[in-house]
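Asks: sequence first, predicted model second:
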Amino acid sequence: MGHDTPLILPFFYWFPFDPFQRVYYEVILAAQTWHGLITIWFMLCGDLLFCIFLSHITTQFDLLAVRIRRLVYVPVDKQLVHTYPLGEYCQGYAQKNKGIIDTYNDKDWEDKHQRDLSDIIERHRALVRLSGDVEEMFSFALLVNFFNSSIIICFCGFCCVIVEKWNEMVYKSFMTTALSQTWLLCWYGQRLLESSQGLSDALYESGWYKASQKIKSSVLIMLHR
């Protein structure tokens, strides 16, 4: 209200002239803002692309685990109550495919389970190959990212303790951003590992005990691998 507001710039650049002159200041402010946005977009695009790839592969592993749990039809009884997830699925499967359940013999069920297992194995191989492709594409970029983030976190932590006052937030916010970026990449990578390892749990939780001896052996081999 009647006072002159001091002009500031978001980044400290060295200029061979006074950057706070009229016209110069507006142009430099617009250029620095644009530079900051470009930097943010470049960082976000790479990280978001990596997270999207891992999220897609993780979802496919989770869907494959659901398919594995529903591999073998198990009739609802005292051992498998209808309130369990597998019991709910088998109860609905029995209602929709009553003709198949009544007409299939042990050989037909074994052939069906063998075909389903073959499809599951092919799907798993495709997902593992896709995970390897993502790792090959982003391995060097992630190495540079983590190396850069480690240096930034160390310097920001030093500045937070030595340089910056307790009520100033410039370095603290920068360090929080670097930590958040590293945590995000690690979280999606851990989710991929958990979803891949969850296939073993899905095999054990399926109705393998109702399948033929050949299917049981195949499931056992898959569990050990």
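Replies: Structure's in. What do you need?
Asks: any idea how far Cys90 is from Asn97?
Replies: Distance, Asn97 to Cys90, using CB to CB, to the nearest Å: 10 Å. Just so you know, the C-beta spots here come from the backbone N, C-alpha and C atoms, and that holds for glycine as well.
Asks: just the helices in the protein please.
Replies: Counting by DSSP state H, the chain has helices at residues 24-69, 85-96, 98-103, 106-162, 170-205, 213-224.
Asks: format these as TSV; extra columns: mean neighbour count.
Replies: Shown next, in TSV, are the helices of the chain (neighbours: other CB atoms under 10 Å):
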stretch	mean neighbour count
helix 24-69	15
helix 85-96	14
helix 98-103	10
helix 106-162	14
helix 170-205	15
helix 213-224	14
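Asks: and those: which comes nearest Pro6?
Replies: Closest to Pro6 of those, according to CB to CB: helix 24-69, at 11.5 Å.
Asks: just the angle between the closest one and helix 170-205, please?
Replies: Here helix 24-69 runs at an angle of 10 degrees relative to helix 170-205 (axes from the mean of the first three to the mean of the last three CA atoms, to 10 degrees).
Asks: who are the packing partners of helix 24-69?
Replies: On a contact count with 3 or more CB pairs under 8 Å, 6 or more residues apart in numbering; DSSP states H and E, helix 24-69 meets helix 85-96, helix 106-162, helix 170-205.
Asks: ok, Glu194 - contacts?
Replies: Residues near Glu194 by CB atoms under 8 Å, 6 or more residues apart in numbering: none.
Asks: for the one 10 residues further on, same thing?
Replies: Taking CB under 8 Å, 6+ apart, we find Tyr204 in contact with Leu223.
Asks: go again with 6 Å.
Replies: Under the criterion of CB atoms under 6 Å, 6 or more residues apart in numbering, Tyr204 has no neighbours.
Asks: ok, now how distant is it from Ala65?
Replies: For Tyr204, the distance to Ala65 equals 11 Å [CB to CB].
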